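Undergrad: When you get a sec, could you give me coordinates for this:
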Amino acid sequence: MRTKILLVTTVQWPSAARLAGAFANLGAAVAAVYPRGHMLAASRYLSAGYRYKPLSGANSVAAALVAAEPDHVIPCDDRALALLVSLKPFAALLQRSLGPLEGYDTLLARAPSIAAARLEGITAPLTLAIPDRSALPHLLHEVGLPCVMKSDASWGGEGVRFVGSLAEAERAFAALRNPPSRWRSLARAVLRKDAHFLEAARHPAPAQVNLQALVEGKPATSVFAARDGKILGALHMDVASWKGQTGPASLMSRLRCPAMDEAAKKIAARFHLSGLHGLDFMRDRDGVPHLIEINPRATQICHLPLEADLPACLIGAGERPPVTAARQIALFPQLLTAGTLPLTVFRDIPWDDPGMLSATVGDAMPDAETTAFIDQFDRPSEGPPILRRRA
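TA: Residues are numbered from 1 along each chain as shown. As a prediction, the model looks like this:
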């Protein structure tokens, strides 16, 4: 009997469509719940699709769970994960897919999750929740300057500020904590064609803001598949290029790293995790990875069969052959500039799913002129943006 997978996404990221192809090529029946306009609708690998409705998110995800009757549920973004965790009537299925749900109160909060990692002996920067503005001077003294401010329930590089003084921290705290005005949320809903901003206009809520000690270095990331707290397979990457100051990675270099392996094992065991998960690190100038964030859901490289095939590990299928032996991998759709990439870089373009590819980049292939690309493949060595600005 075919394994039934349900992918859940609330954003327009292509990673969900890539996972659909990965699981389908392993023999699984793949269904998905996704918002209007998602490239999943054009994927050849989807056996069933369900509409995600931003103004009734939990209800639309619950309806998809009932209709799809999946063996595994895979959240593909943080909002999707939070919605799933809130659906207590499906606790048995969700625990089988994700692990004990009570652990996600900690995993979805930046300061408590990093505190839990530090208790496990994982190298990670001090991260503290800010209760209110008056606590900033004391907490900045503990964390040190410059540092990073991050809000909970933010993703894709948003909700992050680098600060070098108390005045900057106070401005950043106000910007991150206070919800946008109702008029601004309404304008965003229209301009971005995203009804989530309508919900923000109806129910504005302050965000939890955190301080994190700054680690000078370059980003790295891990992804792993787990079942009942045991690692089934893992991949580790250094990030060679990324969007903006804190945006998603575009060019990655695969590697083996015992410290990242150990961090993944400890996080999986502490929270008794199941499913696909990610960890973000900063590698300091001595090469030591510092865990800066836990992503308890599928991330953009989970579909890749390399040293391990995570979807295959998760459903117990025979692993696919490695997609490439290249060390560097350019991720879709951020990097599709074939003329500027060295031939040694593997271009992770979904040629096997032409409908999804066309829905993502239109008629621009093979040059992909309409997609965002990055023309800088070795980022400055000075470290995070705060240090570059001071220099």
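Undergrad: All the strands of the stretch 201-350 of the chain, in order from the start?
TA: Along the stretch 201-350 of the chain, counting by DSSP state E, counting those that start in this stretch, strands occupy 209-213, 218-227, 230-242, 249-255, 275-283, 289-295, 328-330, 346-347.
Undergrad: could you say what helices and strands the helix or strand hosting residue 117 packs with?
TA: Residue 117 belongs to helix 110-119 when assigned by DSSP states H and E. With contacts defined as 3 or more C-beta pairs under 8 Å, 6 or more residues apart in numbering; DSSP states H and E, helix 110-119 has these neighbours: helix 104-107, strand 127-130, strand 209-213, helix 258-271, strand 289-295. In this view, the C-beta of every residue, glycine as well, is placed from N, C-alpha and C.
Undergrad: quick check: mean pLDDT across it?
TA: Per-residue pLDDT over helix 110-119 has a mean of 98.
Undergrad: Same question for stretch 330-344.
TA: On average, the pLDDT along stretch 330-344 is 71.
Undergrad: hang on, residue 145 packs against residue 162?
TA: No. Judged on C-beta atoms under 8 Å, residue 145 makes no contact with residue 162 at a distance of 10.4 Å.
Undergrad: got the buried residues for the helix holding residue 117?
TA: 110, 111, 112, 113, 114, 115, 116, 117 (16 or more other C-beta atoms under 10 Å).
Undergrad: okay, the helices and strands packed on helix 110-119 in JSON lines with mean pLDDT, distance to residue 6 and mean neighbour count next?
TA: Putting the helices and strands packed on helix 110-119 into JSON lines (pLDDT from 0 to 100; distance: least, C-beta to C-beta, whole Å; neighbours: other C-beta atoms under 10 Å) gives the following:
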{"stretch": "helix 104-107", "mean pLDDT": "96", "distance to residue 6": "18", "mean neighbour count": "18"}
{"stretch": "strand 127-130", "mean pLDDT": "98", "distance to residue 6": "33", "mean neighbour count": "20"}
{"stretch": "strand 209-213", "mean pLDDT": "97", "distance to residue 6": "32", "mean neighbour count": "24"}
{"stretch": "helix 258-271", "mean pLDDT": "98", "distance to residue 6": "22", "mean neighbour count": "20"}
{"stretch": "strand 289-295", "mean pLDDT": "97", "distance to residue 6": "19", "mean neighbour count": "24"}
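Undergrad: how about those in CSV, adding distance to residue 90?
TA: As requested, these are exported to CSV (distance: least, C-beta to C-beta, whole Å):
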stretch, distance to residue 90
helix 104-107, 14
strand 127-130, 29
strand 209-213, 30
helix 258-271, 19
strand 289-295, 22
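Undergrad: Show me the one of those that comes nearest residue 229.
TA: Each of these was scored for nearness to residue 229 using C-beta to C-beta, and the closest is helix 258-271 (4.7 Å).
Undergrad: tilt between that closest one and strand 275-283?
TA: Relative orientation of helix 258-271 and strand 275-283, computed by axes from the mean of the first three to the mean of the last three C-alpha atoms, to 10 degrees: 140 degrees.
Undergrad: Let's see stretch 312-321 as CSV, backbone CA atoms only.
TA: Output of stretch 312-321 as CSV, limited to C-alpha atoms (Å, rounded to 0.1, in the frame of the first residue of the first chain):
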residue,chain,number,x,y,z
ALA,A,312,13.3,8.1,1.7
CYS,A,313,14.6,7.7,5.3
LEU,A,314,11.4,9.1,6.6
ILE,A,315,9.0,6.7,4.8
GLY,A,316,11.3,3.7,4.8
ALA,A,317,11.8,3.6,1.0
GLY,A,318,14.8,2.7,-1.0
GLU,A,319,17.1,5.7,-1.3
ARG,A,320,17.4,7.5,-4.7
PRO,A,321,20.8,7.9,-6.2
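Undergrad: Would you map the helices across the stretch 51-200 of the chain?
TA: 57-68, 78-85, 91-98, 104-107, 110-119, 136-143, 166-177, 182-191, 196-202 (DSSP state H, counting those that start in this stretch).
Undergrad: Point out the most buried one among those.
TA: Comparing the helices of the stretch 51-200 of the chain by mean neighbour count (mean count of other C-beta atoms under 10 Å), helix 78-85 ranks first with a mean of 22.
Undergrad: on contacts alone, who are the packing partners of it?
TA: strand 4-8, helix 57-68, strand 72-75, helix 91-98.
Undergrad: The same query, at a cut-off of 7 Å, please.
TA: helix 57-68, strand 72-75 (3 or more C-beta pairs under 7 Å, 6 or more residues apart in numbering; DSSP states H and E).
Undergrad: sorry, back to before: is it possible to get CSV of the helices of the stretch 51-200 of the chain that adds distance to residue 293?
TA: CSV is the format used below for the helices of the stretch 51-200 of the chain (distance: least, C-beta to C-beta, whole Å):
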stretch, distance to residue 293
helix 57-68, 23
helix 78-85, 11
helix 91-98, 18
helix 104-107, 11
helix 110-119, 7
helix 136-143, 16
helix 166-177, 15
helix 182-191, 25
helix 196-202, 22
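Undergrad: Residue 1: which of these is closest?
TA: Among these, helix 57-68 sits nearest to residue 1 (C-beta to C-beta), with 14.8 Å.
Undergrad: Surely residue 16 touches residue 39?
TA: No. Applying C-beta atoms under 7 Å, one finds residue 16 not in contact with residue 39, separated by 8.6 Å.
Undergrad: who's more crowded, these two?
TA: residue 16 (30 against 24; other C-beta atoms under 10 Å).
Undergrad: what's the first-to-last distance across stretch 314-332?
TA: End-to-end distance for stretch 314-332, by C-alpha to C-alpha, to the nearest Å: 23 Å.
Undergrad: Adjust the sequence numbering to begin at 40 for everything that follows.
TA: Yep, numbering from 40; the last one is stretch 353-371 now.
Undergrad: Please tell me how far that stretch is from the chain's geometric centre.
TA: Relative to its chain's centre, stretch 353-371 lies at 18 Å (C-alpha atoms, centre = their mean, to the nearest Å).
Undergrad: swap in stretch 247-264?
TA: Remark: stretch 247-264 is offset 12 Å from the chain centroid, using C-alpha atoms, centre = their mean.
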